[in-house]
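Student: Build the 3D model from these lines:
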Amino acid sequence: MAKSESAVTSAAATGTVEDLQRDAAEGESRRRRGGWPAVGALAAGTFTVVTSEMLPVGLLTPIGRDLGVSDGTAGLTVTVTGVVAALAAPVLTLLIGRRDRRTVLAALMGTLTVANLLAVYAPNVAVLLVARVLVGLGMGGVWAIASGLAVRLVPERRVAAATSLIFSGVAAASVLGVPAGALVGELGGWRAAFAAMAGVCTVVLVALVVLLPPLPAPGAVRLGGVLGLLRRPPLRTGLVLVALLVAGHFSAYTYVRPVLETVAGARPGQVGTVLLAFGVAGLAGNFLAGAGAARAPRATLLAICAVLTAAVLLVPPMGHAAGVRGAAALVAVWGLAYGGVSVSTQTWLMAAAPDAREAASALFVAVFNAAIALGALIGGLAADGWGTGGVIGLGGGLAAGALLAAALGRSPGRGAAATG
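Tutor: Numbering: from 1, shown residues only. This next block holds a predicted model:
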């Protein structure tokens, strides 16, 4: 009895008994859910899949030279990955049924490891494209599952922050992954970059197995449930925004190296530095947009669309006028805006479908990756047919279309994302 009274007295000195009970309950919930270490493992997963997908961006010139193909043909290594990921996301979400999500994520990360190893030994572009198909399978599944798991790993009031952290892997892939891949490619050749990526995939596979708790599915996703979401106007608007922003970005960014070399006279060693500036700004943009989208999804995406449009269109004149430094400054602003696209559009879609997060995530990943593929494809056509000016004009025009969609389309509403 005395011990109990002492505990109550201590609680009164530091807070109410109810506060202590709530803290204890939340501590147990975090242990059961996995908490922030599990969120960190998912962030590492998104970093790995996006780096694997975008690795050829910083290596297009040496890949094309080694395999004897044009920049546009080398860009297909990005296009095919996006196409497969777009198809894999909804299909795998339907096929996995009630299987434990931790087991599925581990299997998909193993697929990425194999894909990157195959790329190392690719003797021609055909074999490299097969490897990139496997990357698309792994990426589509990992991203579709991971993007909606924050709500199962942390308390409700921390979901927005956890979602931002998971999507920080996307921006970190630009900060560290793509520039590091370009650097490894300069030092040891493009094949060495893919070998290093295979090693990273293996490490992340172990982290997912160790840090994630068991994640049995709350229910199998049905095809009718996925397609039924398209009847919701805010969700349709969100998918249009994803399509326009991502296609616009990748139609230009896939060919950013040739653009920088042509309009600003950038040397190979400077391209990695510019991409690093893009990634650092993108990482900051991810967290800024995550906080803003949780409160006001439409206002946040309006700002992103406007800045992205202006930054993309101004790269060539700034590069001509101020050289590499001027172009790098605009590319950094471009990165700041684009860094917020993933988390803000995902937040929009989660708010539009709080009752079907995994199905909405599957649609998000499908449209996102289809837009990557389309952007890389039409960017390649523009690069081969119109030159760098056509690539930039196309990207800026699509971003401007997204600005109109954000202004005129149906929004989930202020604060909906935070409570959804």
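Student: Which residues lie in contact with the closest residue to V39 other than its chain neighbours in this structure?
Tutor: Once flanking residues are discounted, V39 sits nearest to A162: 4.8 Å by Cβ to Cβ, 6 or more residues apart in numbering. Every C-beta, even on glycine, is put in place using the N, C-alpha and C of the backbone. By Cβ atoms under 8 Å, 6 or more residues apart in numbering, the residues touching A162 are 36, 39, 150, 153-154.
Student: what comes up buried for stretch 264-283?
Tutor: 264, 266, 270-272, 274-283 (16 or more other Cβ atoms under 10 Å).
Student: so which of those residues comes closest to L95?
Tutor: Distance to L95, by Cβ to Cβ, is smallest for G282 among the buried residues of stretch 264-283, at 32.4 Å.
Student: give me the element the closest one is part of.
Tutor: Using DSSP states H and E, G282 sits in helix 268-295.
Student: That helix: what's the following helix or strand?
Tutor: Note on helix 268-295: by DSSP H and E, the next helix or strand toward the C-terminus is helix 297-338.
Student: and that next one, what other elements does it pack with?
Tutor: In terms of contacts (3 or more Cβ pairs under 8 Å, 6 or more residues apart in numbering; DSSP states H and E), helix 297-338 is packed against helix 233-253, helix 256-263, helix 268-295, helix 341-352, helix 388-408.
Student: 6 Å - rerun?
Tutor: Helices and strands touching helix 297-338, by 3 or more Cβ pairs under 6 Å, 6 or more residues apart in numbering; DSSP states H and E, are helix 256-263, helix 268-295, helix 341-352, helix 388-408.
Student: any idea how far the shortest one is from the chain center?
Tutor: Taking Cα atoms, centre = their mean, to the nearest Å, the mean C-alpha location of helix 256-263 is offset from the chain mean by 24 Å.
Student: what about T262, neighbour count?
Tutor: Residues within reach of T262, counting by other Cβ atoms under 10 Å, total 16.
Student: Verify the stated contact: it with G389.
Tutor: No. Counting by Cβ atoms under 6 Å, T262 sits too far from G389 to count as a contact (9.1 Å).
Student: Make CSV from the helices and strands packed on helix 297-338 and add mean pLDDT and distance to L117 to it.
Tutor: CSV is the format used below for these (pLDDT from 0 to 100; distance: least, Cβ to Cβ, whole Å):
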stretch, mean pLDDT, distance to L117
helix 256-263, 78, 25
helix 268-295, 83, 24
helix 341-352, 88, 27
helix 388-408, 90, 32
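Student: need those in JSON lines with distance to P216, can you?
Tutor: Below are the helices and strands packed on helix 297-338 laid out as JSON lines (distance: least, Cβ to Cβ, whole Å):
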{"stretch": "helix 256-263", "distance to P216": "42"}
{"stretch": "helix 268-295", "distance to P216": "28"}
{"stretch": "helix 341-352", "distance to P216": "21"}
{"stretch": "helix 388-408", "distance to P216": "37"}
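Student: Of the ones you listed, give the one that comes closest to I372.
Tutor: I372 lies closest to helix 341-352 among the helices and strands packed on helix 297-338, at 11.5 Å (Cβ to Cβ).
Student: Can you pull out the residues in contact with the closest one?
Tutor: Helix 341-352 is contacted by residues 147, 164, 167, 170, 232, 234-235, 238, 241-242, 245, 286, 289-290, 293, 297, 300-301, 357, 360, 364, 412, 416-417, 420 when judged by Cβ atoms under 6 Å, 6 or more residues apart in numbering.
Student: Flag every buried residue along the helix or strand containing the residue nearest to V39.
Tutor: Applying DSSP H and E as the criterion places A162 in helix 159-172. Residues of helix 159-172 classed as buried by neighbour count (16+ other Cβ under 10 Å): 159-172.
Student: quick one: that helix to chain centroid distance?
Tutor: Relative to its parent chain, helix 159-172 has a centroid offset of 9 Å by Cα atoms, centre = their mean.
Student: pLDDT below threshold where in this structure?
Tutor: Applying pLDDT under 70 to the chain picks out residues 1-33, 174-175, 218-226, 413-420.
Student: Tell me who's in contact with the residue nearest to the spatial centre of it.
Tutor: Compute the mean C-alpha point of the chain, and by Cα atoms, centre = their mean the closest residue is V170, 3.8 Å away. By Cβ under 6 Å, 6+ apart, the residues touching V170 are 46, 50, 342.
Student: again, but for T202
Tutor: Counting by Cβ under 6 Å, 6+ apart, T202 touches T113.
Student: Just the CA trace of the one helix or strand it maps to, in PDB.
Tutor: Element membership for T202 (DSSP H and E) is helix 190-211. Only the C-alpha atoms of helix 190-211 are listed here, as PDB (Å, rounded to 0.1, in the frame of the first residue of the first chain):
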ATOM      1  CA  TRP A 190      28.600   2.700 -64.500                       C
ATOM      2  CA  ARG A 191      28.700  -1.000 -63.700                       C
ATOM      3  CA  ALA A 192      30.400  -0.300 -60.400                       C
ATOM      4  CA  ALA A 193      27.400   2.000 -59.500                       C
ATOM      5  CA  PHE A 194      25.000  -0.800 -60.000                       C
ATOM      6  CA  ALA A 195      27.100  -3.200 -57.900                       C
ATOM      7  CA  ALA A 196      27.200  -0.700 -55.100                       C
ATOM      8  CA  MET A 197      23.400  -0.400 -55.300                       C
ATOM      9  CA  ALA A 198      23.000  -4.200 -55.000                       C
ATOM     10  CA  GLY A 199      25.000  -4.000 -51.700                       C
ATOM     11  CA  VAL A 200      22.700  -1.200 -50.400                       C
ATOM     12  CA  CYS A 201      19.600  -3.300 -51.300                       C
ATOM     13  CA  THR A 202      21.000  -6.200 -49.200                       C
ATOM     14  CA  VAL A 203      21.600  -4.000 -46.200                       C
ATOM     15  CA  VAL A 204      18.000  -2.600 -46.400                       C
ATOM     16  CA  LEU A 205      16.600  -6.100 -46.700                       C
ATOM     17  CA  VAL A 206      18.200  -7.000 -43.400                       C
ATOM     18  CA  ALA A 207      16.900  -3.800 -41.800                       C
ATOM     19  CA  LEU A 208      13.300  -4.500 -42.900                       C
ATOM     20  CA  VAL A 209      13.400  -8.000 -41.500                       C
ATOM     21  CA  VAL A 210      14.900  -6.900 -38.200                       C
ATOM     22  CA  LEU A 211      13.000  -3.600 -37.500                       C
END
